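J.: here's my sequence, what's the structure:
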Amino acid sequence: MKKYLIALIIGILLVPAAFYLYLLSGHAPVAASASPLPFERFFARLAMRATIARELPKAEAGPPTESELVSGAQAYRQYCGVCHGFPNEQPTVISKGMYPHPPQFFHARPVDAYNPTCPFRPADRKVYWKIKNGVRLTGMPGFGGSFSEQQLWQVSQFLGNARNLPPDAVAALEGKTEKPPHSTAVPKSRQRPALRHK
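T.: Down below sits the predicted model:
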């Protein structure tokens, strides 16, 4: 029994030792264009799902106003589009050189036609978490230290409604408006109640 226990301990120690030697060998894929390590995607996704489930915000901002979508579009254009794409444009050189490749929310085609009868969707809280915290080892930065809480929700709301944007938001996305990117103030008469808790 003692021999089996010693063999088990040695076997357990050999795994991290072998992995350490593999990293020292210079064959580990560290370049952005290299193939991922075995099980890298599996473990990354597993950790991501578990962390987001634990840290998911309890509050949500509810369906956005058109003004909030415009502000979200302006912030997206200034800070996000270089990686995640713009309508009528091919993926940028930066996004092509990243690994993993950032998801493209807009492709080389016009924005979908706006349907004013379709209500705006609330922001996805998982999207909000990713915008606020970023994603390690992907190139996705966290904007929690730079954006206000309002701006974080506005970009999240914008992405949640990217398939049904009003004309003013499309114009802001395409850079055709003069409104400053951080002009997010909403008149008090039009402000909605504070975040709702589930």
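
J.: low pLDDT regions in the chain?
T.: Scanning the chain for pLDDT under 70 picks out 178-198.

J.: can you give me the buried ones in the lengthiest helix in it?
T.: Longest helix of the chain, by residue count under DSSP state H: helix 2-24. Neighbour counts over helix 2-24 (16 or more other CB atoms under 10 Å) mark no residue as buried. Heads up, the C-betas are built off the backbone N, CA and C, glycines and all.

J.: now what about that helix, what contacts it?
T.: Contacts with helix 2-24, where a contact means CB atoms under 8 Å, 6 or more residues apart in numbering, come from residue 28.

J.: check whether residue 72 really touches residue 64, as I assumed.
T.: Yes - here residue 72 reaches residue 64: they are 7.3 Å apart, a contact under CB atoms under 8 Å.

J.: pull up the overlap in contacts between these two.
T.: With CB under 8 Å, 6+ apart as the test, residue 72 and residue 64 both reach 154, 157, 158.

J.: quick one on the thing from earlier: neighbour count winner among residue 72 and residue 64?
T.: Set residue 72 next to residue 64 and count neighbours by other CB atoms under 10 Å: residue 72 wins out with 30 against 24.

J.: can you pull the phi/psi pair for the more buried one?
T.: Per-residue torsions, residue 72: phi -60, psi -40 (degrees, to the nearest 10).

J.: I'd like the distance between it and residue 80.
T.: Computed as CB to CB, to the nearest Å, the residue 72 to residue 80 distance reads 10 Å.

J.: shared neighbours of the two, anything?
T.: Shared contacts of residue 72 and residue 80 (CB under 8 Å, 6+ apart): residue 155.

J.: quick revisit: out of the shared contacts of residue 72 and residue 64, which comes closest to residue 92?
T.: Distances from residue 92 to the shared contacts of residue 72 and residue 64, taken as CB to CB, are shortest for residue 158 (18.8 Å).
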